[in-house]
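# here you go, sequence then predicted model.
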Amino acid sequence: MQQLLLKHQLRWKTWLVLLIGLLFMANHVFAEQPDGMKAIPNWSLLWGIPTDKIEDIMASPRENQWMTIESGAEMPDKPDKVSTAWVRIQLPKQLPKDYGMYIDRIYAQHLSVYIGGRLLNEVKFDFPTDQQRSLFPLSAEDAGGIVYLKLQTSMERLGIQSDIVIDHYSTLTRTFIFRDLQNIILGFAFLFIAVIMLICSFYLKKIGRATWISLSLIILTLGTIFLTYSPFLYANFTRFGVVFLDIFDISLAVLLPALTYFFEKIFDNGRFKWVRWFRKFQIMYSTFCVVLILFNQLNDYQFIGAYHLFTVTLLGAIMIIQFITIIGLSIFFVIKGNREAVIFSSGFAIFALMGMFDLILYYANNQKYQFFLWKFGVVGFIIALIVILGRRFAINQEQMSNYSKELEFYNHQLQLSEKMEMISSLAASVAHEVRNPLQVTRGFLQLVAARTDDKNREYMSIAIEELDRASVIITDFLTFAKPQLDEIVELNVSKEISQIEGIIVPLATLNGGRITVSVPADLHIYGNSSKLKQILINIIKNSIEAFQVDGQINIWAYKKNEEVFIHIKDNGEGIEPIQLAKLGEPYYSTKTKGTGLGLMVTFRLIEIMKGNIEFKSQKYAGTEVIMRFPYVIVN
């Protein structure tokens, strides 16, 4: 699963790097346009009326009413109740072949271009959008002539807010096309990423699907906004201008509550109820705006005043409140040490910083600079959101992995507990009844063996050994069935181990091994002396039985974190990892004749002494047993 997440993260990083590379490439292409374009030094402006015709303007010059506008100068504001303006442009005396004229920013809904009295181009917006750009060819015959532009609008802005340039038509065409290339690349890239994310959302679990879909909607609506923000679409696909405009407004209405919802799910998570109320208000208001947009369109924009009030003025105020809220809460969570808030704030800061640079350049260039850097700010902000979501998924995956491990552990403990409960019941009901007949049978076998010949005496001896082995098993059963410690006292670990050295050292020597003990004299625990000795003897005996050539057992103990650690390590044949996981289970043993009850009893005794036991082993390298008991302070 971690490898799968890593692949997804690399894939997202690849797409984001490719996206940023395309944007820089588009900016580079645009920047590489020849800067030899010739700007018309000045042109004339005349406020008119809608019924004015080109013939009237040409026949009656009205020179005293024309205003001369110098290139680079700010155009005068449109007078009240004026909806028409005429622009007169004097062409140079000489024009090379294949020249053209390009105007980057024209504020008008209806644009008509005339040369020599003939209509050369006409663009009409039947929807509330007034930003246009115009490109039209000029011939050598047009040299010294006059170009007239008729601008009409029902909106607030009217006029030309850029230089009027002439150059080779092919050069101007590249400028005209590349002018909006960044918006188109960015828009389609965001749309592609959003669609892929929405498809992937079907394969996510319900717990993370809502956050994933909200981020997908943020990216989807931003991509749509970039595309429908571009004047290129309105100028070249005028018949679909109404659709583009409505899609832009609807995307903005969806973006705002989606952003609040994403922020709420990642950071707030129900902590502040007013954030949830604000998000619900945004959803209702956005729904109202969508209905108003569609209603206004069906009525041919007869309610344009109400449309602008709710979808521009009030929606802008709500956006300001939303951004202030998000920034304020981000700072609050950053102070609280939330790392995701730091990432979010960094992304938002990149967006704000790019927007600030755009504004500085805009005013430094006499308000003729075209905003561009804010797009990279949006990309940086989206990257921050994706990083936050990826980090949240990684955390959730880690939590799920830990939960699975805990569930597996508790399931194993439950199965072990059920087995032990079953054995306890069996031991308690059978052990006492079986031990008495065994002892009687053993006694009679001893009597018979004393009066029989040597051959039969050998058989009797084998039978008595097997009865003794059965008695040991029953004793283990009884120990397991009644694990209560008869007497709990303070025990000195060093003394307890030294008292069993007389048993275990000769046994190790007999099997060709040796034992070294290093236990401080000041380690004390609570427990039962006989049970602790039984635990130690069981474990050490297992180590002795695992001896190979030159067997060695090391026993040492120490105090750490208010616990006493006892280590018993051998260099025996070791245990396989699969076998290691099953140690302590009833009836499981790595020995040929083992019953599995010895370690089971050991585990149970350590448990009731509030201790813990852990095995570390490697095949043919030995086994290490680590026991931990609560440390007791001696007064």
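Received, thanks. Since we're looking at a predicted model, the values are computed, not measured. Numbering: from 1, shown residues only.
# isn't residue 140 right up against residue 95?
Yes: between residue 140 and residue 95 there is a contact under C-beta atoms under 8 Å: 5.3 Å. Glycine gets a C-beta too; all of them are placed from N, C-alpha and C.
# who's more crowded, the two?
residue 95 (18 against 11; other C-beta atoms under 10 Å).
# what about the more buried one, which SS state?
coil (DSSP: H, G, I helix; E, B strand; the rest coil).
# how long is stretch 230-245 from one end to the other?
Taking C-alpha to C-alpha, to the nearest Å, the first and last residues of stretch 230-245 lie 11 Å apart.
# hmm, who's touching it?
By C-beta atoms under 8 Å, 6 or more residues apart in numbering, the surrounding residues in contact with stretch 230-245 are 123-129, 131-134, 177, 179-180, 183-184, 187, 227-228, 297.
# pull out the buried positions in that stretch.
By 16 or more other C-beta atoms under 10 Å, the buried positions in stretch 230-245 come out as 230-235, 238, 241-242, 244-245.
# show me which of those is closest to residue 627.
Checking the buried residues of stretch 230-245 against residue 627 by C-beta to C-beta gives residue 230 as the nearest, at 73.1 Å.
# just the strands in the stretch 101-250 of the chain please.
Along the stretch 101-250 of the chain, counting by DSSP state E, counting those that start in this stretch, strands occupy 110-115, 118-124, 131-138, 146-152, 159-160, 164-168.
# next up, phi/psi of residue 85, please.
Per-residue torsions, residue 85: phi -140, psi 140 (degrees, to the nearest 10).
# residues contacting it?
45-48, 78, 108, 150-152, 158-159.
# middle-most residue in the protein, spatially?
In the chain, the centroid-proximal residue (C-alpha atoms, centre = their mean) is residue 390; its distance is 1.8 Å.
# which secondary structure state does it sit in?
Per three-state DSSP, residue 390 ends up helix.
# quick check, pLDDT for it.
For residue 390, the model assigns a pLDDT of 79.
# phi, psi of the most far-flung residue of the chain relative to its centre?
What lies farthest from the middle of the chain is residue 451; by C-alpha atoms, centre = their mean that is 85.1 Å. Dihedral angles of residue 451 (phi, psi; degrees, to the nearest 10) stand at phi -110, psi 10.
# kindly report the same for residue 576.
Main-chain dihedrals, residue 576, degrees, to the nearest 10: phi -70, psi 150.
# what's near enough to touch the residue lying closest to it once chain neighbours are set aside?
Nearest residue to residue 576, sequence neighbours excluded (C-beta to C-beta, 6 or more residues apart in numbering): residue 619, at 5.9 Å. Applying C-beta under 8 Å, 6+ apart, we find residue 619 in contact with 573-576.
# over to residue 213?
Residues near residue 213 by C-beta under 8 Å, 6+ apart: 198, 201.
# how about the one 4 residues further on?
Under the criterion of C-beta under 8 Å, 6+ apart, the neighbours of residue 217 are 194, 254-255, 258.
# those in helices, which ones?
194, 254-255, 258 (DSSP state H).
# if you rank those by neighbours, which is first?
Top of those by neighbour count (other C-beta under 10 Å): residue 258, with 24 neighbours.
# residue 44 in helix, strand or coil?
Going by three-state DSSP: residue 44 is strand.
# so it sits against residue 68, correct?
Yes: between residue 44 and residue 68 there is a contact at 5.6 Å, judged by C-beta under 8 Å.
# which of those two has more neighbours?
Using other C-beta under 10 Å as the criterion, residue 44 and residue 68 rank with residue 44 on top: 18 against 10.
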